[in-house]
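# A structural model of the following input is requested.
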Amino acid sequence: MAGLSIENARKSFGETQVLRGVSIEVADGEFAVIVGPSGCGKSTLLRAVAGLEELSEGRIVIGGRDVTDLPPSQRGIAMVFQSYALYPHLTVRENMAFGLKIAKATKAEVDAAVNRAAAILNIEPLLDRKPAALSGGQRQRVAIGRAIVRQPQIFLFDEPLSNLDADLRVRMRYEFAKLHRQLGTTTLYVTHDQVEAMTLADRIIVLRDGIIEQVGSPRDLYERPANIFVAQFLGTPRMNILNAVVADGDQARLDDGRSLALPALAAPIAPGTAVSVGIRPEDVRIGAAPGALPFTIGFVERLGGLATVHLQAAKDSEPIACQLRDDGSLREGETVAALLPPDRLHLFDADGGALRREVRE
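Numbers count the residues shown, from 1 in each chain. From the prediction side, this is the model:
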């Protein structure tokens, strides 16, 4: 195993800059996930690490060795693609063995590596089948098995679950987590799905327009987002954002004229300053309480045990979402009191950057 260092990676296609000076450190044995919207440059970055794209500028270092100018076969990596990329005319065993045979491994070495990987992934009964006879999940396991047999220093995954149905994606996330615990191989995983990122990663790298917005553990990014983009990208339903102006004391005035208590901040804000107030749907509390504001229920999404309630201050206003246990009592058109607790609020400046809350011992 080995760590990975990406240093000032830049990539342009003609006049279009896709990567704008990306630097990432992935520790030995770490599961790091690059997440971001489509077109942000995450797959281009992964392909550059694999040697499938040439950087315009920057370095790729694996295990302390500069591999920037080396071909993929000499980088000590194994990559699993979104499309599986299996040879349809070969059996599962032959697909998994293909790379080792090209590398001139002996038959005993090939058989031992394939059998070990098949046992890890529980696909021994599939070894004599061809890809056409496999389900999507089974094909993905074979693609992972082909990567495992090479015993790489680093695994690279490019949106490996995006072609699977919702239920299978959930089960495969568990398989990925279990596999990483078992093998401990350094992993760089790319996805646009924030649920995959939150459930799999030791550390998340949020990428937007070829620039890193924030790096940290899933909990750090969820509880302390660096800006509005990260705050709303991570979390389902996404964080509510309300426009407000700071008033005297610890109050802010919302666009609809109502007052809202603010959390204590590390640095005071002058009255009249425009801010954005964020609160996650699970932190909105419905029920009478000091400081609660009246809202009308515009729509209720019932999801079995949970409900997402969309609350409106006025008929044409932007609703805010509240997520809570569904007891069936809430009805559309009903007026309810909702509390936005000050200690659960996030504040952002006019540029969308997070304002630090006061740290209390």
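
# so what touches the helix or strand hosting residue 197?
Assigned by DSSP states H and E, residue 197 falls within helix 194-200. For helix 194-200, the surrounding residues in contact (CB atoms under 8 Å, 6 or more residues apart in numbering) are 31, 33, 35, 161, 169, 173, 176-177, 180, 189, 191, 204, 218, 222, 233-236. (Each C-beta comes from the backbone N, C-alpha and C, glycine too.)

# inside helices: which ones of those?
The helices, defined by DSSP state H, take in 169, 173, 176, 177, 180, 218, 222, 233 from the contacts of helix 194-200.

# what are the buried residues along the helix holding residue 197?
Buried positions in helix 194-200, judged by neighbour count with 16 or more other CB atoms under 10 Å: 194, 196, 197, 198, 200.

# quick one: neighbours of residue 222, just the number.
Using other CB atoms under 10 Å, residue 222 has 18 other residues around it.

# show me the contacts for it.
198, 234, 235.

# what's the answer for residue 266, then?
Counted by CB under 8 Å, 6+ apart, residue 266 has contacts 355, 356, 357, 358, 359.

# again with residue 210
Contacts of residue 210 by CB under 8 Å, 6+ apart are 11, 17, 18, 19, 20, 22, 40, 41.

# how about those residues in CSV, adding distance to residue 184, pLDDT and neighbour count?
What follows is these, written out as CSV (distance: CB to CB, whole Å; pLDDT from 0 to 100; neighbours: other CB atoms under 10 Å):
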residue, distance to residue 184, pLDDT, neighbour count
11, 30, 97, 22
17, 36, 95, 16
18, 32, 96, 22
19, 29, 97, 26
20, 32, 96, 15
22, 25, 97, 25
40, 29, 94, 21
41, 28, 95, 22
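
# out of the residues you listed, which comes closest to residue 65?
Minimum distance to residue 65 across those is 19.7 Å, recorded for residue 22 (CB to CB).

# and the contacts of residue 210, which is closest to residue 320?
Of all these, residue 40 has the smallest distance to residue 320: 27.0 Å, by CB to CB.

# where does that closest one land in three-state SS?
Assigned with DSSP: H, G, I helix; E, B strand; the rest coil, residue 40 falls in the coil class.

# what's the neighbour count on the residue nearest to it when sequence neighbours are not counted?
Distances taken as CB to CB, 6 or more residues apart in numbering place residue 207 nearest to residue 40, at 4.7 Å, with adjacent residues excluded. The number of residues packed near residue 207 is 23, by other CB under 10 Å.

# contacting residues around residue 207?
Applying CB under 8 Å, 6+ apart, we find residue 207 in contact with 22, 34, 35, 36, 40, 41, 42, 45, 213.

# redo that, cut-off 10 Å
19, 22, 24, 34-37, 40-42, 45, 190, 213-215 (CB atoms under 10 Å, 6 or more residues apart in numbering).

# count of residues packed around residue 16?
Residues near residue 16, counting by other CB under 10 Å: 8.

# bridging residues for it?
residue 13 (DSSP bridges).

# so it versus residue 23, what's the distance?
Remark: distance between residue 16 and residue 23 (CB to CB, to the nearest Å) = 21 Å.

# can you check residue 17 too?
From residue 17 to residue 23 the distance is 16 Å (CB to CB).

# do residue 262 as well
Counting by CB to CB - residue 262 and residue 23 are separated by 35 Å.

# between the two, which has more neighbouring residues?
When neighbours are counted by other CB under 10 Å, residue 262 and residue 23 differ, and residue 262 comes out ahead with 21 against 13.

# report the contact partners of the more buried one.
Contacts of residue 262 by CB under 10 Å, 6+ apart are 244, 246-247, 249-252, 269, 275, 277, 342, 345, 347, 355, 357.

# out of those, what pair is the most spread apart?
247 and 357, at 18.1 Å, using CB to CB across the contacts of residue 262.
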